[in-house]
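Participant: Got a predicted structure plus its sequence, pasted below:
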Amino acid sequence: MRGFRMLKVLKIIVLVAVALTVFGFVTEHLWNWLMPAIFGLKTISFAQGLGLVVLSKILLGGFHKHAGGGPRGWKRGMEDRWARMSPEERERFRAGMKGRRDCGWGPGGGPWGARGDVPSAETGRGEGSI
C-alpha cells in the first residue's frame, strides 16, 4: 500500500513539473511573439515566463483545492441532499426559501411560483411577482 501511495505522489510531481515546463515555454514564446511587436516590450527568458505563469496563478486562480465536481457540483450535492430529506424537512426548507429573492422557490414551493411563471427578461421576475 505504501508503494502505491509513493507511486501516486511521484506521478503527481512529474505531472506538475511537465505542466509547469509546458506553460512556461508557451508563455515565453507567446510573450516573445506578441508583446515586442504589439507594445514594444522586451523579450523574456524561460524563467521569466515561468514566473509569469506562477504570478498569474496566484493573482487570478489562487492555490486552492478544486472540489465540488465543477460548476454544477453544488447542484448535484443539493439534489442528493434533497433526496435524503423527509417531507417535513422539505417543507421547512421551502418555507425558509419562500421570502428570499431570486432563489427559485416561489409561493407554491416549486420554481417560479405555484402557476409555473417564468421570469421575464426585463425584471427577472415572473408574472405574479411583486
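Facilitator: Okay, I see it.
Participant: so what pLDDT did residue 29 get?
Facilitator: pLDDT, residue 29: 96.
Participant: Can you give me the separation between it and residue 54?
Facilitator: 17 Å (CB to CB, to the nearest Å). All C-beta atoms are positioned from the backbone trio N, CA, C, and that covers glycine.
Participant: ok, now residue 44?
Facilitator: Between residue 44 and residue 54 the computed distance is 14 Å (CB to CB).
Participant: after the host helix or strand of residue 5 comes which helix or strand?
Facilitator: Element membership of residue 5, judged by DSSP states H and E, is helix 2-39. Counting by DSSP H and E, the next helix or strand C-terminal to helix 2-39 is helix 46-56.
Participant: Give me the packing partners of that next one, helices and strands only.
Facilitator: helix 2-39 (3 or more CB pairs under 8 Å, 6 or more residues apart in numbering; DSSP states H and E).
Participant: Next, the angle from the helix holding residue 5 to helix 46-56.
Facilitator: 100 degrees (axes from the mean of the first three to the mean of the last three CA atoms, to 10 degrees).
Participant: got a pLDDT number for residue 42?
Facilitator: For residue 42, the predicted pLDDT is 96.
Participant: residues near it, how many?
Facilitator: 9 (other CB atoms under 10 Å).
Participant: what sits against it?
Facilitator: residue 36 (CB atoms under 8 Å, 6 or more residues apart in numbering).
Participant: what's the answer for the one 3 residues further on, then?
Facilitator: Counting by CB under 8 Å, 6+ apart, residue 45 touches residue 28.
Participant: Tell me how far it lies from residue 37.
Facilitator: Applying CB to CB to residue 45 and residue 37 gives a distance of 18 Å.
Participant: again, but for residue 5
Facilitator: 49 Å.
Participant: Which one's more surrounded, residue 44 and residue 54?
Facilitator: residue 44 (18 against 14).
Participant: Backbone dihedrals for that one, both of them.
Facilitator: Dihedral angles of residue 44 (phi, psi; degrees, to the nearest 10) stand at phi -120, psi 160.
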